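Novice: Sequence and predicted model, in that order:
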Amino acid sequence: MVIRVAAGIIMRDEQVFIALRSQDKHQGGCWEFPGGKVELDEEPRAALVRELEEECGIQVNVSSPFQLIRHDYSDKSVELHFFKVTDFDGEPHGKEGQEVAWVSLKDLTSYTFPEANVPIVKALLAA
Ligand SMILES: Nc1nc2c([nH]c(=O)n2[C@@H]2O[C@H](COP(=O)(O)OP(=O)(O)OP(=O)(O)O)[C@@H](O)[C@H]2O)c(=O)[nH]1
Ligand SMILES: [Mg+2]
């Protein structure tokens, strides 16, 4: 079974907002672009809007599809719908207590992301 996920690359002034996945989660200890599982009968973009409100406390105004990545981890397969989020209301924060950071694009490589994110980080650096 493939798990569909929507994740947001929240951008402001050449910086991107990332969050630390807690140790008890899949890929725990890795940094992530906030987001989560797409529910049955839910559009990925709707899941993005819902998850970013739940996890970061923001209201997404403008998002655009960035990349779709299929990745098989040893324990699960994911289909990640990445969106760039370029306009939002509210100040992103770790609403669920997670550690967060605003990072310059050029510094993204200093952070460990899940394996599936490698092409995303590359693409952001190349942009
Ligand atoms: N949010 C997010 N998940 C990612 C990224 N990269 C990546 O491989 N994943 C994987 O995609 C899945 C996302 O699920 P999640 O744990 O965020 O889901 P969720 O917010 O619904 O939370 P839940 O764990 O409480 O059900 C996880 O297996 C996670 O390891 C990423 O950049 N952001
Ligand atoms: Mg999540």
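Specialist: Happy to help now that I have it. Ligands and ions are numbered 1, 2, ... in the order given.
Novice: pLDDT score for the most centrally placed residue in the chain?
Specialist: Central residue of the chain (C-alpha atoms, centre = their mean): F33, 2.2 Å from the mean position. For F33, the model assigns a pLDDT of 98.
Novice: List phi and psi for it.
Specialist: Main-chain dihedrals, F33, degrees, to the nearest 10: phi -90, psi 120.
Novice: List the residues that contact it.
Specialist: Residues counted as contacts of F33 (C-beta atoms under 8 Å, 6 or more residues apart in numbering) are A7, G8, I9, I10, V16, I18, A19, F82, N117, I120. Where you see a C-beta, it was placed from the backbone N, CA and C, and this is true even at glycine.
Novice: Now render these as JSON lines, adding pLDDT and secondary structure.
Specialist: What follows is those, written out as JSON lines (pLDDT from 0 to 100; DSSP: H, G, I helix; E, B strand; the rest coil):
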{"residue": "A7", "pLDDT": "98", "secondary structure": "strand"}
{"residue": "G8", "pLDDT": "98", "secondary structure": "strand"}
{"residue": "I9", "pLDDT": "98", "secondary structure": "strand"}
{"residue": "I10", "pLDDT": "98", "secondary structure": "strand"}
{"residue": "V16", "pLDDT": "98", "secondary structure": "strand"}
{"residue": "I18", "pLDDT": "98", "secondary structure": "strand"}
{"residue": "A19", "pLDDT": "98", "secondary structure": "strand"}
{"residue": "F82", "pLDDT": "98", "secondary structure": "strand"}
{"residue": "N117", "pLDDT": "98", "secondary structure": "helix"}
{"residue": "I120", "pLDDT": "97", "secondary structure": "helix"}
